[in-house]
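>>> please work out how this folds:
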Amino acid sequence: MKKLILPMVFFILSACYYDSEEALFGKPGTGCDTTVTKFSTEIKPILQSSCLSCHSNSAAQGNGGGIKLQDYADVKTNVLNGRLIGSIDHSSGFSSMPKGGGKLTDCNILIIKTWITKGTLND
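Next up, the predicted model:
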């Protein structure tokens, strides 16, 4: 009986170790899907919810500083001149956007950057 107790105690104690969740299941994903980055389905909704209150065609002349982001051509212009990324990234030398609000989520910024890297297609 004594011969069985020692192996059982060893087995129980060796089975009860404390690992982090990352060690057991791997590092959790970012939850940010950048496989599809279409203007119409990903980029435009981000801009609509975060930018168009000031940068729509009608509001841009007021508190939007003349910057329009309502349609593809205007967005592409601001991508090519570097204003869009500089502003949403809160880069030095650019006006941080959205003004008076928090920075866009890292995921939304990554989606926009991925769309730009893929050629800023009007899809």
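>>> where in the protein is pLDDT low?
Low-confidence segments of the chain, defined by pLDDT under 70, span residues 1-30, 60.
>>> so which residue is smack in the middle of it?
In the chain, the residue lying closest to the centroid (CA atoms, centre = their mean) is Cys107, at 1.1 Å.
>>> chain neighbours aside, what residue packs nearest to Ser53?
Leaving aside its sequence neighbours, Ser53 sits nearest to Ala59 (CB to CB, 6 or more residues apart in numbering; 6.7 Å). Quick note: C-beta positions are derived from backbone N, CA and C, even for glycine.
>>> separation between the one you found and Phe94?
Counting by CB to CB, to the nearest Å, the separation of Ala59 from Phe94 is 20 Å.
>>> and what of Thr105?
Here Thr105 is placed at a distance of 18 Å from Phe94 (CB to CB).
>>> neighbour-wise, which of those two wins?
Using other CB atoms under 10 Å as the criterion, Thr105 and Phe94 rank with Phe94 on top: 15 against 12.
>>> all set, thanks.
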